[in-house]
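Chemist: Have a look; sequence and predicted model below, questions after that.
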Amino acid sequence: MAGWIVVGVIIGAVAGAVVASIVASRAGRAEGRKLRERAARAESELERQSRSSADQRDLRDRVLSSMEEGVLLLDDDGSRLFSNPAMQQHLGRLPDSIDQLRPLAFREAVLRAIQIGEIQRVEAETSAPSK
């Protein structure tokens, strides 16, 4: 009889392990499914934000390009990031950096803006003066 009890305990332990394994496997699959769903939602949101950002850049570029005033955007190193067609029309040649910016009044205004952290407005003659 003791043998049957041992066999019963062993069978119970094996059955318990099998049931635990099945439950753990189902929980793992459910967790994996949840992770895949979260990753898919995150990817979808990232794509939406990327499209929105591209749309905003496109709108900004269209607005700045349509202006009659010259617009020159520089990065922190003083290199040209953007310029609109009016800027090229006014200057004749677009500078690649602050150092190439002419007339000198423009360069000085940019350097002042960097120093004080405020937008500077400047007007300067960009062609030969009329007689």
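Modeler: Yes, it's here.
Chemist: and Gly70, helix, strand or coil?
Modeler: coil (DSSP: H, G, I helix; E, B strand; the rest coil).
Chemist: so it makes contact with Ala86?
Modeler: Yes - Gly70 is within contact range of Ala86, at 4.8 Å (criterion: CB atoms under 8 Å). (Each C-beta comes from the backbone N, C-alpha and C, glycine too.)
Chemist: Over stretch 85-102, what's the mean pLDDT, rounded is fine.
Modeler: The pLDDT scores in stretch 85-102 average 89.
Chemist: wait, stretch 63-79
Modeler: Rounded mean pLDDT across stretch 63-79 is 87.
Chemist: Can you tell me what sits against it?
Modeler: Contact with stretch 63-79 is made by 80-91, 94-99, 101, 110, as judged by CB atoms under 8 Å, 6 or more residues apart in numbering.
Chemist: Out of these, list just those in helices.
Modeler: Pro85, Ala86, Met87, Gln88, Gln89, His90, Leu91, Val110 (DSSP state H).
Chemist: can you map out the helices along the chain?
Modeler: Using DSSP H, helices in the chain cover 2-66, 85-91, 104-116.
Chemist: Averaging pLDDT over each of the ones you listed, report the lowest-scoring one.
Modeler: Of all these, the minimum mean pLDDT falls on helix 2-66 (a mean of 73).
Chemist: Tell me how many other residues surround Asn84.
Modeler: Using other CB atoms under 10 Å, Asn84 is surrounded by 21 other residues.
Chemist: give me every residue that touches Arg80.
Modeler: Arg80 makes contact with Leu72, Leu73, Leu74, Leu94, Pro95, Asp96, Ser97, according to CB under 8 Å, 6+ apart.
Chemist: one more time with 6 Å
Modeler: Asp96 (CB atoms under 6 Å, 6 or more residues apart in numbering).
Chemist: That one bridge partners, please.
Modeler: Counting by DSSP bridges, Arg80 is bridged to Leu74.
Chemist: And it, how far from Met87?
Modeler: Distance of Arg80 to Met87, given as CB to CB, to the nearest Å: 10 Å.
Chemist: Noted, bye for now.
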